[in-house]
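Colleague: A structural model of the following input is requested.
(one chain, ligands or ions: 2)
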Amino acid sequence: MEEITVNLHNHSTMSDGSGSYYEIAQAGLDAGIDVIITTDHNIFVQNNDKYFYRDGKRVLLLIGEEIHNPENPRQNHILILNYGKEISTYASDLQILIDVANKAQSISIIAHPFDQGVTFLREPSIPWKNWDVKNFTGLEIFNFSSEFKSQSKNFFQGIKNILNPKSFPVGPDENSILKWDELLCNGFSVNAYAASDGHQKIRKIGPFRYIAFPYYYHFSSLNNHLYILEELSGNLQKDKELIYNSLKTGCSFIGLDLVAPTRGFRFFAEGEYKKAWPGEKIQIRNGVTLKIDIPRESICRLIHNGNILRHWEKIKSVPVNVTEPGYYRVECYLPYRQKLRGWIYSNPIYILKG
Ligand SMILES: [Zn+2]
Ligand SMILES: [Zn+2]
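Modeller: Ligands and ions are numbered 1, 2, ... in the order given. This is a model prediction of the structure:
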């Protein structure tokens, strides 16, 4: 398997972001990531999936869409990826929207599910309310913009976080993790994703103007690391297939790269006849060995069906034999600037009876 970095959920000048596709791609090249996915509000911009090249480096820009019902803009935002045309016409009925996306093999991701408002920035809360919907691909358990809002309860905290952006992201939202585990325990195969929700907003405080969280900062901070079957070739169609296949399966992990590079993290299961990666299923037969390899020593937890099965205070590489069916996922934590940060979150491997 090859590993690539995908930065998900960014806004351009096509909606309320401040950067053009070109500028966003340049920031991606500066940060050295592989793929950026933009998702502007209720607009799909045709024929703009494209590789950008500079100084022997390349980044792939892919266009998705963030949908909300225009009559009710402060709740139920959802990302649709790989649909290839405008889909916001279905915004008034979320289940129909998800069903239409599924029919086209597209990806649907519930955005910032437990988002909170910030009064002093006049930022409203935009949570997900409609938990009755079924068959969505996954949810954002870690949305950078929501994390900023939830950690900026007052003016001074907000300013401190903006001026010192490495100080505050501590990890995924706890309610989102609980919801994710609840869905998984109820038998739904739901993937977890990280989202920048990057806007590179130009803000004003008194006479001062400043850019809060440039795209470059997002691209260097919080990424989805995808395992793909073969290296990206530069062929747009082929590479899109590889990327969207892994994104849809959940063959990935979330990396808070701001704390330390997460590239190189591996989590897979080895059974009698096959190997399974996150998002995949494997039968237990005579037992399965889970293997965890972490880029550096960290606190690590192996979660089984929502419960902590193993906890290591300091580990870099470990095999674990398991005999119980269910889903298994990994969380790693690192201390950074006096705070313990949620650093790596894998998608689950599903171990089946038989
Ligand atoms: Zn949103
Ligand atoms: Zn957004």
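Colleague: Please name the strands paired to the helix or strand hosting residue 327 in the sheet, noting orientation.
Modeller: In this structure, residue 327 sits in strand 326-336 according to DSSP states H and E. Sheet pairing here is set by DSSP bridges, and for strand 326-336 it gives strand 288-304 (antiparallel), strand 339-346 (antiparallel), strand 349-352 (antiparallel).
Colleague: How about the residues of the stretch 1-150 of the chain by ligand 2?
Modeller: residue 66 (Cβ under 5 Å from the ion). Heads up, the C-betas are built off the backbone N, CA and C, glycines and all.
Colleague: Quick check: whichever residue of the stretch 251-354 of the chain sits closest to ligand 2 vs residue 136, distance?
Modeller: Per Cβ to the ion, residue 254 is where the stretch 251-354 of the chain lies closest to ligand 2, at 17.1 Å. Using Cβ to Cβ, to the nearest Å, residue 254 is found at 18 Å from residue 136.
Colleague: The two: who's more crowded?
Modeller: Taking other Cβ atoms under 10 Å, residue 254 and residue 136 do not tie; residue 254 has more neighbours (28 against 24).
Colleague: which other residues reach the helix or strand hosting that one?
Modeller: Counting by DSSP H and E, the element that carries residue 254 is strand 252-256. Here strand 252-256 makes contact (Cβ atoms under 8 Å, 6 or more residues apart in numbering) with 5-6, 141-142, 169, 171-172, 191-194, 221-227, 246, 261-263, 265, 267, 278-279, 330, 341-347.
Colleague: do that again at 7 Å, thanks
Modeller: Strand 252-256 has contacts (Cβ atoms under 7 Å, 6 or more residues apart in numbering) with 142, 169, 171, 192, 194, 222-227, 246, 262, 265, 267, 278, 341-347.
Colleague: chain center to that strand, what's the gap?
Modeller: 7 Å (Cα atoms, centre = their mean, to the nearest Å).
Colleague: Next, the buried residues of the helix or strand following it.
Modeller: Scanning forward in sequence from strand 252-256 by DSSP H and E, the next helix or strand is strand 266-270. For strand 266-270, the neighbour count (16 or more other Cβ atoms under 10 Å) marks 266-269 as buried.
Colleague: Strand 266-270 - contacts with which helices or strands?
Modeller: strand 275-276, strand 288-304 (3 or more Cβ pairs under 7 Å, 6 or more residues apart in numbering; DSSP states H and E).
Colleague: Just checking: what are the partner strands of it?
Modeller: strand 275-276 (antiparallel), strand 288-304 (antiparallel).
Colleague: would you list those in a markdown table and tack on mean pLDDT, distance to ligand 2 and mean neighbour count?
Modeller: Converted to a markdown table, the strands paired with strand 266-270 look like this (pLDDT from 0 to 100; distance: least, Cβ to the ion, whole Å; neighbours: other Cβ atoms under 10 Å):
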| stretch | mean pLDDT | distance to ligand 2 | mean neighbour count |
| --- | --- | --- | --- |
| strand 275-276 | 97 | 32 | 18 |
| strand 288-304 | 98 | 28 | 19 |
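Colleague: Serialize these to CSV and add fields for distance to ligand 1.
Modeller: Formatted as CSV, these follow (distance: least, Cβ to the ion, whole Å):
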stretch, distance to ligand 1
strand 275-276, 33
strand 288-304, 28
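Colleague: how about CSV for the ones you listed, with distance to residue 150 added?
Modeller: Shown next, in CSV, are the strands paired with strand 266-270 (distance: least, Cβ to Cβ, whole Å):
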stretch, distance to residue 150
strand 275-276, 34
strand 288-304, 22
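Colleague: so, in contact with ligand 2 or not, the helix-or-strand element of the chain with minimal mean pLDDT?
Modeller: When each helix and strand of the chain is scored by mean pLDDT, DSSP states H and E, strand 201-205 comes last, with a mean of 79. No: Strand 201-205 stays clear of ligand 2 (Cβ under 5 Å from the ion), getting no nearer than 11.5 Å.
Colleague: what's in contact with that strand?
Modeller: Applying Cβ under 7 Å, 6+ apart, the set of residues contacting strand 201-205 is 18, 209-212.
Colleague: tell me which residues of that strand are tucked away?
Modeller: Buried residues in strand 201-205 (16+ other Cβ under 10 Å): residue 201.
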